[in-house]
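1. this one's sequence-less:
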Ligand code: BTN
C-alpha cells in the first residue's frame, strides 16, 4: 500500500479529524508530504475537509464517481482478472499500454484502466473518442491456452460480460441492455431507440503460429453527456439512459467478475456452447431483420441466434437454407436502423 492509499485508509477508519502530525507520524513522512497527498486526493474528488488545529476529515463519498486504482481494487472480487491493475489518469491507448506491459513480463490478467485516452483506437482503423474523467477505457492482457482461430470468440465473451454487468447493476431502472452482434453493447430507455454505449477491440500477437498474447480493450460511455455530430444518432451513455451519474469503479469491478467466470467456461471447451444461451438472451438482433453487407454476396433475412463458434445465424428472406455469418467477413445492419 502506498502513502496515498494509507492516508485514505486512515481517514476512512477515523471517527473524526486526524491531524497532519498524527498522519505524518503514522506514515513516517513529513507534514508537507501529507499535505501534498491530501491535495492530490481532493483533486481526485475526495471530499476532505481541512480545519485549522483539528486536521483532516473525510466527508461522505456516497454517490460520488470516484475513479482511481484504490476505488477499483477495493471492489474487485476476482482471482486473476484485473491483477495487477495499472491505473492511468491519461494515456494514448490502453490496448497499446497492455502490449507494452506484456513485453515487460506482466502476467495474464493484467489490467490497464485509464480516465482519458489521447489516441483511443476503434475497430476498422477508426478513432475511439475518449474524453477525460467521464468514461471507462480499459484493456486486459490474456495468454489463453487456446488456438489462434478460436481467439475471435473472446470478443463475444467480453461483450457478454459487459452485458451481464450492466444487467446486474442497472436493469431495474427502466432501461434495457442488449448485445448487437458480435460485440457492441446497446441500451434503450423505456423502449426508445438503441444507443451504443460500449465498443470492444481485440488484438492478438502470434509467435510461431501460437498465441503470444491477446489484448481485449473496452471503451464504455458512462457519464458522457454529449456526442460529436457524426455519432449523435447512434451513440449514448449510461448516464443519458439512466438519468443519473454512474459510479465507474463499481461498474469496472462488476465487468471483471463476470468476465473471469465466462472466460473460464469458454477456455475449458474452446467454444461458446456454455455461454450461448445467455448471450442469445441479450442478442438484440435476434428475431429482427438484418441486412448482411457482404461485398460478394449481400442478402437480407432474419437473425436467429449464434453458433457455438460465434457466427450469426441468419434465415434468408428468399427461403434458402439458414446461413452462418462470420464477423470478420461482413457487417450486419438492422434493416430498420442501427440494430
Ligand atoms: C469499437 O470500435 O467499437 C471498439 C472500440 C474500443 C475502444 C477501447 S477504449 C480502451 C481500449 N483502448 C483503445 O485504444 N481502444 C480500446
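-> Good, I have the coordinates. None of these values were measured; they are calculated from a predicted model.
2. Dihedrals phi and psi, residue 47?
-> In this entry, residue 47 is assigned phi and psi values of phi -80, psi 90 (degrees, to the nearest 10).
3. correct me, but it touches residue 62?
-> No. When contacts are counted by Cβ atoms under 8 Å, residue 47 is not listed as touching residue 62 (10.0 Å). Every residue, glycine included, has its C-beta placed from N, CA and C.
4. OK, contacts around the residue of the stretch 201-339 of the chain at minimum distance from the ligand?
-> Nearest to the ligand in the stretch 201-339 of the chain, going by Cβ to the nearest ligand atom, is residue 217, at a distance of 2.7 Å. Residues in contact with residue 217 (Cβ atoms under 8 Å, 6 or more residues apart in numbering) are 93, 94, 95, 98, 121, 137, 138, 139, 200, 201, 202, 203.
5. average pLDDT for the strand or helix carrying residue 217?
-> Under DSSP states H and E, the secondary-structure element containing residue 217 is strand 210-220. Mean pLDDT, taken over the full extent of strand 210-220, equals 97.
6. got the contact list for the residue of the stretch 51-200 of the chain found nearest the ligand?
-> When scored by Cβ to the nearest ligand atom, the stretch 51-200 of the chain has residue 199 as its residue closest to the ligand, at 2.2 Å. Under the criterion of Cβ under 8 Å, 6+ apart, the contact partners of residue 199 comprise 122, 123, 128, 183, 184, 218, 219.
7. Might one say that the fifth one is in contact with residue 196?
-> Yes. At 5.1 Å, residue 184 and residue 196 qualify as touching, with contact defined as Cβ under 8 Å.
8. Of these two, give the one with the bigger neighbour count.
-> Looking at residue 184 and residue 196 with other Cβ atoms under 10 Å, you find the greater number of neighbours at residue 184, namely 21 against 18.
9. Is residue 141 in a helix, a strand, or coil?
-> Three-state assignment for residue 141 (DSSP: H, G, I helix; E, B strand; the rest coil): strand.
10. Count the residues that sit near the closest residue to it other than its chain neighbours.
-> Of all residues not flanking residue 141 in the chain, residue 110 sits nearest, at 4.3 Å (Cβ to Cβ, 6 or more residues apart in numbering). The local packing count at residue 110 equals 25, with neighbours defined by other Cβ under 10 Å.
11. before we move on, the earlier item: does anything pack onto the helix or strand following the strand holding residue 217? Which helices or strands?
-> On the C-terminal side of strand 210-220, the nearest following helix or strand under DSSP H and E is helix 238-242. Packing contacts for helix 238-242, counted by 3 or more Cβ pairs under 8 Å, 6 or more residues apart in numbering; DSSP states H and E, involve helix 153-170, strand 184-189, strand 195-207.
12. Check which residues of the longest one are buried.
-> In other words, helix 153-170. In terms of neighbour count (16 or more other Cβ atoms under 10 Å), helix 153-170 has its buried residues at 153-167, 169-170.
13. What of stretch 171-183?
-> Residues of stretch 171-183 classed as buried: 175, 176, 177, 178, 179, 180, 181, 182, 183 (neighbour count, 16+ other Cβ under 10 Å).
14. can you redo those as a markdown table with distance to residue 38, secondary structure and pLDDT?
-> As requested, the buried residues of stretch 171-183 are arranged in a markdown table below (distance: Cβ to Cβ, whole Å; DSSP: H, G, I helix; E, B strand; the rest coil; pLDDT from 0 to 100):
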| residue | distance to residue 38 | secondary structure | pLDDT |
| --- | --- | --- | --- |
| 175 | 38 | strand | 96 |
| 176 | 43 | strand | 95 |
| 177 | 39 | strand | 96 |
| 178 | 44 | strand | 96 |
| 179 | 43 | strand | 96 |
| 180 | 45 | strand | 94 |
| 181 | 48 | coil | 94 |
| 182 | 46 | coil | 94 |
| 183 | 42 | coil | 92 |
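15. Let me have these in a markdown table, adding distance to residue 333 as columns.
-> Written out in a markdown table, the entries for the buried residues of stretch 171-183 read as follows (distance: Cβ to Cβ, whole Å):
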| residue | distance to residue 333 |
| --- | --- |
| 175 | 23 |
| 176 | 20 |
| 177 | 20 |
| 178 | 15 |
| 179 | 16 |
| 180 | 10 |
| 181 | 11 |
| 182 | 13 |
| 183 | 15 |
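16. which parts of the stretch 201-339 of the chain sit against the ligand?
-> Residues of the stretch 201-339 of the chain found near the ligand, taking Cβ under 6 Å from any ligand atom as the criterion, are 201, 217, 218, 219.
17. try it again with 8 Å
-> Within the stretch 201-339 of the chain, the positions near the ligand by Cβ under 8 Å from any ligand atom are 201, 217, 218, 219, 220.
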